[in-house]
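Novice: okay, predicted coordinates and the sequence, questions at the end:
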Amino acid sequence: MRKLLLSLIIPLTFMAQALAQQKQVKGVVKDAVSHQSLPLATITVKSGGTIKARAAADVDGKFSINATVGSVLTATYGGYKPKNVTITGSETELVISMERGSTDLNEVVVIGYGKEKRTDLTSSVSTISSKEIGELPITNLASALASRVPGLEVHGTGYAPGSGSVVNTRGLNSITQSEGPLFVVDGVALVGDIRSINPNDIESIEVLKDAAAAGIYGSRAANGVIIVTTKKAKAGVSTIDFNAYFGVQKPVSVYKMLNGQQYAKLKQDAFFDADPGMFPPDSIKKVFNSYELESINNGYKTYDWQKAIMNQNAPTQNYSLSVSNGTAKNRVYFSGNYLNQSGILINTGYKKYNAYFSEESTLSNIIKLGGSANITYDRTQSPSPSEYQQALTQSPLMPIYGADGQPLVITDQTTGTLTIRNPLTSALYSVHNNSTTRTIGNVFLEVTPVKSLTLRSSIGADIYNGETDTYYPRNTGEGFSSNGQAEIYNYKSTDILWENTATYNLVTKDHELNLLGGFSYERHQNVAMDMQGTQFPTDLLTYKNIGSAGIKTQDNSNYDGWSVRSLLARAIYKYKGRYILNATARQDGSSRFGPNSKFGFFPSVSGAWRIIDEPFIGAKFRSVVNDLKLRASYGLIGNQNLPYDAIYTRYNQSQYPFNGTSSTSGYQVGGTAGNPDLQWERQHQTNIGADIALFSNKVQFSADVYNKDISSLLLPFTLAPSSGFDNEQINVAAMNTKGIDLTLKVTPVQNKHFTWQTSLNWSKYQSRITKLFPGRDSIGLTLRVGLPPSGTFANYVYNGLYQKGDDFTLNPNGKPGDIKIKDVNGDGKITPLDQVVVGSSIPKGWGGFWNYFRCDAFSMTVFTTYEYGQQLNNLTYTNLTYYNATYGNTGNVTQAGGNYWTPTNTNTNIPRPNSFGTSLKTLPAGPGPNQDGSGGSSYSIQNASYVRIKNITLGYDFPSKLLQHINVRSLNVYVQAIEPFLFSKYKGLDPDVAGSYGVNETYPRYRTFLFGVKLGL
């Protein structure tokens, strides 16, 4: 009996001792240098080499885990070396300080309504850090993403200060209802322009590219989602940061125009072209006006009109100050920013004033309250739409100023009409101002009633007010005949988003489960008012007293509004850290749809297999391959971007006779018929990806292949006249977009004194229409099955110039030197049937190449962007090289345009000049270069492939030992060249421009040279 008792008591004693040795260990994980917390760090406890427990730190780096005395606690975090701590049993609260390593594989990235470690991602997400954003002085945040993120296509709309960008995520996603990606700034949904965000306030940007990543946003994610996370105060850290730069912008002389003597010869040849015999020797007086004749008599005196409207050294400056205090329970961050960019064209520029404030308070152990507000006011001074081209084409023999020193304005004394427009008057006296005030703010309440459960409610608002003011005085071409022309356009946009979510985390030895559920409601409204008038008694008040206009040409308003109610859910399951499954679902109900299709359900699923963590992977393989993961996803996303009133029938205004002599206003059937059965445009997306890291993470490679089948696309369907309506919107078309994204990051050299890091990304996609109307495979030349829904150029085919002795059957009235159009179908005549696809603005590939070099305290960054395989319709260049009255081109031309066809100069592609519009006059649809783009030919289509050095930055970091003596945390000074070099065969200003904006160039290109300083206290 005694032996039996001992056999029971002794094991129980050891078990009691073991239980007594097990304790709950609490702590926090921090950076060893900055002492900032490391959110979502992984904590594991091992005993005897076996994992006994696993936990994840919260967003503040805090953790709690059970451990026994003698076991080893290991903390791991992306970009840091693992840190081991042996549990002694005397710990109260651990502070684990981690040193930086060489990998960013485990960095924490922001996903929809949460955060995740990069190693655990199952979908396609790209990240841009605050350091990368800060490499470029930008006025529009979208431009900072250009060529940084594979799959994200960003093109500018021009070089004018304050210009915007066109952003596409993974190709084209609709035929008629395309819209830019959804921007989510600290939980506030934005669409379109995001230049109101100060780049210095951004912590990171995540681009959610596939359906599994973006699907949690449902119908708002049809064109991708870009999450912007702003900076917040860090726990236990107080900082002051000051960033400033000052520089000059210098114009790039792309177009070199003819001088006075060359222009005189061109104009005479153009006049004598029709019939040289009809002009006697003294007919030069009929060709030139008195001012030009005076310049000719003065040795062909030449006036530089480009220089007259340009600033040769336009200054730009930016100042940003931020203060962060996280030493108490209240974490406060404040920043202010001032930007002033003068334009290359006189009287143009962009100014921005920005203030940002965020605060988070820990009210108790379970309650956290916070919010942020971003307020921006900006003002843009734009040029007149035709100001730049008028300066280029103005006669170089015409004086710029009159005898009184004022810009010369010439009128016909008999008719009183303006005969010669002076672009300098438009530059000096026209008003083109746009001012906006935008407030982006949110407030949240977060409650953790029990461990691992977080309840969060937030309200966000985006309030946008803008006003565009325009005035053309009497001394400008636009305002001369109307005695002044004014417009005031006011617009207001309000977006309110209320979100409520619940998140639950469960972590055990082998299993991790994250559950998310939520509800959201969003209300959006746009209101616009437009007033226009002419016949003003004076120019002194410009647009400021539009009520004094003698004639009111416009006075109306417009409204657009919608609301979306959503339910959302997500589950992320991980088994042993190497098998990861993610499932999301969202139901949206939109006011844009009728009762039959108001709700849409959008599920997605994705998974990842971390092969590198498998037990069968040997140590030798791990010594070379540090990470190996496969990813796959599938999901459905909807698109609600259709006119808010498309489901309703609209009526047209009409005048009805009354008493046979007068009329009264009313409405009549017509226009667009409403369709209450409209459905969501739907995208079925598939993504397969792989991530690999080699050689101590010095080589990192990611690849994604995707396919999007998009159906129920909206098209306007033409109705029979008997219906009383022109058309109605119907869900009928389909398309497919597929592509590939590649990213390579390499650290070729890294030692104590020298580091070289480089990254390269490459993307391509192909978008094709697969279905239009039943029984029809085309709607016009460019909208047909097999072609992309936009970006296609279709026209006649340029076939060289006619020469003496050629067959003129296709153009019986033609002459040598005229443009020759190809008879594509061979029927012996030129008809619209000879028009074919002549180019596309969609690139065959694009990307960026980034290099960073550091030698002790000196650093250099070189960022290069490239794009190839696309064309642009360069009508500006065509108009600047071809002198012909048929298309209104009777001004100066480029030096290349001076090499025009003559009987003695036949080896050229520039048509003969003609002042009377007889060249090509008989050909249909304007097969020569046409200013408005409605006709023309492939003559204007140019290869727009390019390689651009985006920026070169040389910086110096002052040594920390020196700065410690003056209580300075960091100090960096740098010089920078922005867009110093462009390599392209494109003959226009810039090949990196959105296709539709490449038709007419209105602002010159420039280079920027900066000096800057970054100070941290």
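Specialist: Yep, it's here. Model, not experiment: these values are computed from the prediction.
Novice: worst-scoring helix or strand of this structure, pLDDT-wise?
Specialist: Every helix and strand in the chain was compared by mean pLDDT, DSSP states H and E; the lowest is helix 2-21, with a mean of 46.
Novice: that one: what's the following helix or strand?
Specialist: strand 23-31 (DSSP states H and E).
Novice: sheet-wise, list the partners of the helix or strand following that following strand with their directions.
Specialist: Where DSSP H and E defines the elements, the next helix or strand beyond strand 23-31 is strand 42-47. Strand pairing for strand 42-47, determined by DSSP bridges: strand 50-56 (antiparallel), strand 72-76 (antiparallel).
Novice: single out the most deeply packed of those.
Specialist: Highest mean neighbour count among these (mean count of other CB atoms under 10 Å): strand 72-76, with a mean of 20. Quick note: C-beta positions are derived from backbone N, CA and C, even for glycine.
Novice: now that strand, how far from the centre of its chain.
Specialist: Centroid separation for strand 72-76 versus its chain: 42 Å, with CA atoms, centre = their mean, to the nearest Å.
Novice: now do it: everything it contacts.
Specialist: By CB atoms under 8 Å, 6 or more residues apart in numbering, the residues outside strand 72-76 that reach it are 25, 29, 41-47, 65, 67, 82-87, 94, 96, 98, 106.
Novice: paired strands for whichever helix or strand comes after it, with orientation please.
Specialist: Sequence-wise, the next helix or strand downstream of strand 72-76 (DSSP H and E) is strand 83-86. If you go by DSSP bridges, strand 83-86 pairs up with strand 72-76 (antiparallel).
Novice: ok and the strand it pairs with relative to strand 23-31, angle-wise?
Specialist: 30 degrees (axes from the mean of the first three to the mean of the last three CA atoms, to 10 degrees).
Novice: just the CA trace of strand 72-76, in CSV.
Specialist: As requested, the backbone C-alpha atoms of strand 72-76 are provided in CSV (Å, rounded to 0.1, in the frame of the first residue of the first chain):
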residue,chain,number,x,y,z
VAL,A,72,12.9,29.7,-24.5
LEU,A,73,10.7,32.6,-25.7
THR,A,74,11.4,33.7,-29.3
ALA,A,75,10.3,36.9,-30.9
THR,A,76,10.3,37.3,-34.7
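Novice: what mean pLDDT does it have?
Specialist: The average pLDDT for strand 72-76 rounds to 85.
Novice: same thing with stretch 210-219?
Specialist: Rounded mean pLDDT across stretch 210-219 is 87.
Novice: kindly report the same for stretch 589-603.
Specialist: The average pLDDT within stretch 589-603 is 86.
Novice: what comes up buried for it?
Specialist: In terms of neighbour count (16 or more other CB atoms under 10 Å), stretch 589-603 has its buried residues at 590-594, 597-598, 600, 602-603.
Novice: what's the closest residue to Lys950 other than its chain neighbours sitting at in phi/psi?
Specialist: Excluding the flanking residues, the one nearest Lys950 by CB to CB, 6 or more residues apart in numbering is Phe863, at 4.5 Å. Phi and psi for Phe863, reported as degrees, to the nearest 10, are phi -120, psi 130.
Novice: pLDDT score assigned to the residue lying closest to Val237 once chain neighbours are set aside?
Specialist: Counting by CB to CB, 6+ apart, Val237 lies nearest to Gly326, which is 5.2 Å off, once chain neighbours are set aside. On the pLDDT scale, Gly326 is placed at 81.
Novice: so what's the residue count around Gly326?
Specialist: Around Gly326 there are 20 other residues, counting by other CB atoms under 10 Å.
Novice: just to check, it is in contact with Ser358?
Specialist: No - taking CB atoms under 8 Å as the definition, Gly326 is not a contact partner of Ser358, at 11.0 Å.
Novice: quick check: neighbours shared by the two?
Specialist: Common contact partners of Gly326 and Ser358 (CB under 8 Å, 6+ apart): 233, 332.
Novice: all helices for the stretch 151-300 of the chain, in order.
Specialist: Listed in chain order, the helices of the stretch 151-300 of the chain (DSSP state H, counting those that start in this stretch) span 211-214, 260-272, 284-287, 290-297.
Novice: return the most buried member of those.
Specialist: Ranked by mean neighbour count, those are led by helix 211-214 with a mean of 31 (mean count of other CB under 10 Å).
Novice: relative to the whole chain's centre, how far out is it?
Specialist: Between the mean C-alpha location of helix 211-214 and the chain-wide mean there is a distance of 20 Å, by CA atoms, centre = their mean.
Novice: need the helices of the stretch 151-300 of the chain in CSV (columns: distance to Val968).
Specialist: Listed next are these as CSV, based on distance: least, CB to CB, whole Å:
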stretch, distance to Val968
helix 211-214, 41
helix 260-272, 59
helix 284-287, 70
helix 290-297, 61
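Novice: between those helices, which one is nearest to Gly180?
Specialist: Between Gly180 and these, the tightest spacing by CB to CB is seen for helix 211-214, at 13.6 Å.
Novice: quick one, strands of the stretch 101-250 of the chain?
Specialist: 108-111, 114-117, 125-129, 152-156, 165-169, 182-185, 188-191, 202-208, 225-230, 238-251 (DSSP state E, counting those that start in this stretch).
Novice: reformat the ones you listed as JSON lines; add distance to Pro959 and mean neighbour count.
Specialist: Below are the strands of the stretch 101-250 of the chain laid out as JSON lines (distance: least, CB to CB, whole Å; neighbours: other CB atoms under 10 Å):
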{"stretch": "strand 108-111", "distance to Pro959": "31", "mean neighbour count": "21"}
{"stretch": "strand 114-117", "distance to Pro959": "34", "mean neighbour count": "18"}
{"stretch": "strand 125-129", "distance to Pro959": "24", "mean neighbour count": "19"}
{"stretch": "strand 152-156", "distance to Pro959": "38", "mean neighbour count": "22"}
{"stretch": "strand 165-169", "distance to Pro959": "39", "mean neighbour count": "22"}
{"stretch": "strand 182-185", "distance to Pro959": "37", "mean neighbour count": "23"}
{"stretch": "strand 188-191", "distance to Pro959": "41", "mean neighbour count": "21"}
{"stretch": "strand 202-208", "distance to Pro959": "27", "mean neighbour count": "22"}
{"stretch": "strand 225-230", "distance to Pro959": "31", "mean neighbour count": "24"}
{"stretch": "strand 238-251", "distance to Pro959": "19", "mean neighbour count": "18"}
